[in-house]
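>>> Could you work out the structure for the sequence below:
(chains A, B, C and D)
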2 protein chains.
Amino acid sequence: MAKQKVSPVSVDGAGFLTHVAYDSVVFGFSEGQLKILLMEYHNTGLIALPGGFIRTDEDLDEAVRLGLEDRTGITNIYLEQFHTFGNKSRHKPEILQKILEANGIHAPKEHWMLQRFISVAYYALVDISTVSLQPDALSDSCTWYEINRLPKLILDHATVIEKALKTLRFNLDNKIKDSNLLPEKFTMKDLQKVYEAILGEELRRTSFQRKMLAGRILKRHDKLYSGEAHKAPFIYSFHK
Amino acid sequence: MAKQKVSPVSVDGAGFLTHVAYDSVVFGFSEGQLKILLMEYHNTGLIALPGGFIRTDEDLDEAVRLGLEDRTGITNIYLEQFHTFGNKSRHKPEILQKILEANGIHAPKEHWMLQRFISVAYYALVDISTVSLQPDALSDSCTWYEINRLPKLILDHATVIEKALKTLRFNLDNKIKDSNLLPEKFTMKDLQKVYEAILGEELRRTSFQRKMLAGRILKRHDKLYSGEAHKAPFIYSFHK
DNA sequence: GATTATTGTCTCTTTGTGAGACAATAATAA
DNA sequence: TTATTATTGTCTCACAAAGAGACAATAATC
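Numbering: from 1, shown residues only, chains lettered A, B, ... in the order given. Take a look at the predicted model:
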């Protein structure tokens, strides 16, 4: 359950799969910090992960990809499903009700959006600098938050983020190549900064460099003359 | 979508979360072979993973655990969610219809069991020797199949199994301790056989032994005098 | 007491990584 | 032009983990 364009809806889930929703944890990186994209519902002060519902004629992956592209504006997002949350304690219809009310929608108790949801959670890795944020009708803001300065979130969204980060850390070596966390070209230091932000710890420069070069992930390009008073670093990109 | 006790049901999903199901890939080990538990629906010849639906008052994990305990008879199963399958191409109402018909249930087109499902998949690791199989009303058999001799399965269940095995292989070192694949006490060779069956490759005996002893997973007990003409192996159990 | 199959442990090698040394720059200051 | 400074690319040494094989120590049989 979360944020998506929803036209005034009928009591049954016409067009949507009832009892199923998705949430997405969008990781971005800028200023040496790992960040997460969060939405705020207007007139409520409630903050949540971007998410939505699945149309009856959409694949699950497709629904998540499209919903997210609507918001971030980028195509070719790296997206990965990591867990499905299905505790009955997640069901808090009063919160949904509050959001709907704030938007002038008076839904009866039986309304499908007020019923219990199983939520399939995905994480995404995007290059913040290439994204233009566009909040939708239900939300009044759409903001990057530093991973260690998150606001209070609705439902179990804090838990969802925690699990997303755990999964990302565990799989980082395999995922970094397909991630969109860095621009096309970057230095070894840039790459190391991303690793450090995600892992939440500092890494040895030399070991890191050796490890990265050992894998056949990186393609080396010209040097980058940044104008600073020291040796110029090589530029790299990921092999396709 | 799959096999579970289902009383003749109303058109809406009264008591169940519509559009949501679970499937479980139950791994077992015997005779040096990794096996999987499959169900056959009577009068149809259709073979499927054991699965079922989630009641509106059950946690997702709870529903899977209880459903599986019904079938295998063991408590304390090791269970882990690994993926949620949500392609729209999974929706094949004619198969469900066939199963219902074979059980004398004539469901109208709008029946909730004939609608599209998102299926949350779990895998379980059980010790075959401690399990007593009890097929339910809808199925006429409930059988262990060797992992590399699987029959034709309904829907995308072959894909589900493949992904389960991949996940299990990737996480084996972390999961083996909590698994129920072996009896309480076992030899190093027994343990190696399990690894080999799961990974699908042979392992070096000495390296394997060293690695297992290096981790603090195993407790060593007396020797096992099997009556065979060679040195007696130690017996081990997992530390709790 | 010799034979046979298997087990527990040891050594040698290779690979990966932590930790640090050091020469090679690219701009700036003298 | 030369020295200074910060940073980068690479090298060495130490150590841990894993592949590969050697070998002595059994438990039953011949």
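
>>> distance of A:Lys189 from chain B?
31 Å (C-beta to the nearest C-beta, to the nearest Å). For the C-beta atoms, the positions are set from N, CA and C on the backbone; glycine is no exception.

>>> With A:Tyr41 instead?
With distances defined as C-beta to the nearest C-beta, the gap from A:Tyr41 to chain B amounts to 25 Å.

>>> Identify the bridge partners of that residue.
Residues found in beta-bridge contact with A:Tyr41 (criterion: DSSP bridges) are A:Ser139.

>>> And the pLDDT for it?
Reported pLDDT at A:Tyr41 in the predicted model: 89.

>>> show me the contacts for it.
A:Lys3, A:Ile47, A:Ala48, A:Ile99, A:Ala102, A:Leu138, A:Ser139, A:Asp140 (C-beta atoms under 8 Å, 6 or more residues apart in numbering or on different chains).

>>> between these, which has the most around it?
Among the contacts of A:Tyr41, the one with the most neighbours (other C-beta atoms under 10 Å in any protein chain shown) is A:Lys3, at 26 neighbours.

>>> how about the helices in chain A?
With DSSP state H, the ranges of helices along chain A come out as A:60-72, A:93-102, A:157-175, A:188-199, A:205-214.

>>> For B:Asp190, find the nearest of those.
Proximity to B:Asp190, assessed across the helices of chain A by C-beta to C-beta, is greatest for helix A:157-175 (28.9 Å).

>>> Pop the domain breakdown of chain A in here.
Domains of chain A are assigned by automatic domain parsing as A:16-178, A:188-238.

>>> how near is the residue most central in space within chain A to A:Leu165?
Residue closest to the mean C-alpha point of chain A, counted by C-alpha atoms, centre = their mean, is A:Val26 at 1.1 Å. Per C-beta to C-beta, to the nearest Å, A:Val26 is found 12 Å from A:Leu165.

>>> got it, and A:Asn171?
In this structure, A:Asn171 and A:Leu165 are separated by 11 Å, where distance is defined by C-beta to C-beta.

>>> Between these two, which is the more surrounded one?
Neighbour comparison, A:Asn171 and A:Leu165: the larger count goes to A:Leu165, with 20 against 14 (by other C-beta under 10 Å).

>>> Provide a list of residues in contact with the closest residue to A:Pro233 other than its chain neighbours.
Nearest-residue entry for A:Pro233: A:Thr187, 4.4 Å, with adjacent residues in sequence omitted and distances by C-beta to C-beta, 6 or more residues apart in numbering or on different chains. Going by C-beta under 8 Å, 6+ apart, A:Thr187 touches A:Leu224, A:Pro233, A:Phe234, A:Ile235, A:Tyr236.

>>> Kindly report the same for A:Cys142.
Contact partners of A:Cys142, counting by C-beta under 8 Å, 6+ apart, are A:Leu37, A:Leu38, A:Met39, A:Glu40, A:Pro50, A:Arg71, A:Leu133, A:Gln134, A:Pro135.

>>> What of A:Ala158?
Applying C-beta under 8 Å, 6+ apart, we find A:Ala158 in contact with A:Leu150.

>>> Need the per-residue pLDDT for A:Pro8.
Spelled out, the predicted local distance difference test score at A:Pro8 is 42.

>>> Which one (most neighbours) among the contacts of A:Cys142?
The most neighbours of any of the contacts of A:Cys142, using other C-beta under 10 Å, belong to A:Pro50, which has 27 neighbours.

>>> mind checking pLDDT for it?
In the prediction, the pLDDT value recorded for A:Pro50 is 93.

>>> For it, name its beta-bridge partners.
For A:Pro50, the beta-bridge partners are A:Lys3 (DSSP bridges).

>>> For the residue of chain A found nearest DNA strand D, give its distance to DNA strand C.
Nearest residue of chain A to DNA strand D: A:His230, at 2.8 Å (C-beta to the nearest atom of the strand). If you measure A:His230 against DNA strand C using C-beta to the nearest atom of the strand, to the nearest Å, the figure is 4 Å.

>>> Run me through the strand neighbours of the longest strand along chain A, direction for each.
When secondary structure is assigned using DSSP state E, the longest strand within chain A turns out to be strand A:16-30. In its sheet, strand A:16-30 lies beside strand A:33-41 (antiparallel), strand A:51-55 (antiparallel), strand A:118-126 (parallel), with partners assigned from DSSP bridges.

>>> any idea of the mean pLDDT in that strand?
95.

>>> in it, what counts as buried?
Counting neighbours by 16 or more other C-beta atoms under 10 Å in any protein chain shown, one finds that the buried residues in strand A:16-30 are A:16-29.

>>> Show the model's pLDDT score for the residue lying closest to A:Glu69 once chain neighbours are set aside.
Sequence neighbours aside, A:Thr75 is the residue nearest to A:Glu69 in space, at 6.2 Å (criterion: C-beta to C-beta, 6+ apart). As predicted, A:Thr75 sits at a pLDDT of 76.

>>> Just confirm A:Thr75 contacts A:Leu66, I think it does.
No - with contact defined as C-beta atoms under 8 Å, A:Thr75 does not reach A:Leu66; the gap is 10.3 Å.

>>> And these two? Which one has more around it.
Neighbour count, other C-beta under 10 Å: between A:Thr75 and A:Leu66, A:Leu66 has more, with 13 against 7.

>>> May I have the phi/psi pair for the residue nearest to the more buried one when sequence neighbours are not counted?
Distances taken as C-beta to C-beta, 6+ apart put A:Glu58 closest to A:Leu66, at 7.4 Å, once the chain neighbours are dropped. Dihedral angles phi and psi of A:Glu58 (degrees, to the nearest 10) take the values phi -120, psi 140.

>>> can you tell me which residues contact A:Cys218?
Wrong residue type there; residue A:218 is Leu, not Cys. Counting by C-beta under 8 Å, 6+ apart, A:Leu218 touches A:Met212, A:Tyr236, A:Ser237, A:Phe238, A:His239.
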